[in-house]
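Colleague: Have a look; sequence and predicted model below, questions after that.
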Amino acid sequence: MKKLFIKESLDFCTKEDGGVYALPLTVLRPTGLYYNSALIQPPGSFTQMSWDEFSDFLGDHKIAFQTAEGGWTVNLFLTTIIGSLEGGPEVLKAGVEKKITDFNTPLFIEAFTILQKLFQKNGWSGAIGATYPDAANSFYANQTAILPDGTWIIDKINDPTDWANGFDGSKVVGDYYPENMAIANPYVYDWMMAANLPKNEEELALAFFEFINRPEEIEAFILAEGGIAPNLEYSENFKQQLASNKLLSDFASNANSDTKYVPYFHDAINASLFTGDFSNYLPNLYNGSWTPEKFAEELTKSAKALE
């Protein structure tokens, strides 16, 4: 079973004395993006592109950004932009433990600069003040070519009764982000059991842990919930079943051993900052009235005021 554990999760669950105090992850459920192949046909996965190549490829096609309510879809792109820059993964990981309050750094200014370029060239015109449903509806109405989101929307995309305005969910492809980035936090545990349990309860808990980490159970979980098990050699039966769900298959095939996983940006900052001034300030970055430096300066002021 240990060979199936994700290394970062195993390290997180391992004490200094070498003991493992919680059950590490075997499955990651990375958040990626969806694109409409009726509108754009990349030559391969976006993961093989740089940010400049990605924007150049899109041309005039738009991304379903939204600035209200924390700017969820903006948050996803910003997460992977930060994660793709030198030192970015470490900053995001550290921010999960101790929230980031200083954005006046070369890392964040560069990330905000890349994000603003995407806004200006590939941002949807209705993004300012838009909520997530507004952004998603722009994708389902063929107004935008890309919708960043998790695997939890697959059923909606696959349901023909939800298709309208010429949208065809069968044309949607699941992928990850430029620079081979995906969003997932591997620095967590999966399960724990209480200390000093009666012997029979401890044995039951351990048997349960063994059961849920059997290869066939991991495969069943992925088929039901989505995700990838990077250290599991999938069975042929699983591969056949996975292929029947095109979007799950897309996500599985577009991740590889070099894919980099980073925690969400919103988990690395104060929750009140995310839903408050981060969201409030995004329109200024979006419409170009603020420079990336100004955005970083004002975000830092707000973050420090919440300390």
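Modeller: Nice, thanks for sending it over.
Colleague: If we ignore the residues flanking it in sequence, what's nearest Pro215?
Modeller: Ranked by C-beta to C-beta, 6 or more residues apart in numbering and with sequence neighbours excluded, the top spatial neighbour of Pro215 is Leu232, at 5.9 Å. Heads up, the C-betas are built off the backbone N, CA and C, glycines and all.
Colleague: try Glu8
Modeller: Using C-beta to C-beta, 6+ apart, the closest residue to Glu8 is Pro186 (3.8 Å).
Colleague: mind listing what the one you found touches?
Modeller: By C-beta atoms under 8 Å, 6 or more residues apart in numbering, the residues touching Pro186 are Ile6, Lys7, Glu8, Ser9, Phe12, Leu25, Leu28, Tyr261.
Colleague: Could you report the pLDDT at it?
Modeller: Note for Pro186: predicted pLDDT of 86.
Colleague: same deal with Val262?
Modeller: 94.
Colleague: Look up how far Thr73 lies from it.
Modeller: Distance from Val262 to Thr73, counting by C-beta to C-beta, to the nearest Å: 17 Å.
Colleague: Kindly report the same for Pro186.
Modeller: 23 Å.
Colleague: repeat for Ala164
Modeller: Counting by C-beta to C-beta, the gap from Ala164 to Thr73 is 20 Å.
Colleague: Equivalent analysis for Ser257, please.
Modeller: Applying C-beta to C-beta to Ser257 and Thr73 gives a distance of 28 Å.
Colleague: quick one, which of these two is more surrounded?
Modeller: Thr73 (26 against 5; other C-beta atoms under 10 Å).
Colleague: Just confirm that one contacts Asp134, I think it does.
Modeller: No - the criterion here is C-beta atoms under 8 Å, and Thr73 misses it with Asp134 at 10.1 Å.
Colleague: what sits in contact with each of the two?
Modeller: With C-beta under 8 Å, 6+ apart, Thr73 and Asp134 have common neighbours Gln66.
Colleague: who's in contact with the residue nearest to Pro215?
Modeller: Leu4, Thr26, Pro215, Ile218, Glu219.
Colleague: Helix, strand, or coil at the second one?
Modeller: Read it as Thr26. Classification of Thr26 by DSSP: H, G, I helix; E, B strand; the rest coil places it in coil.
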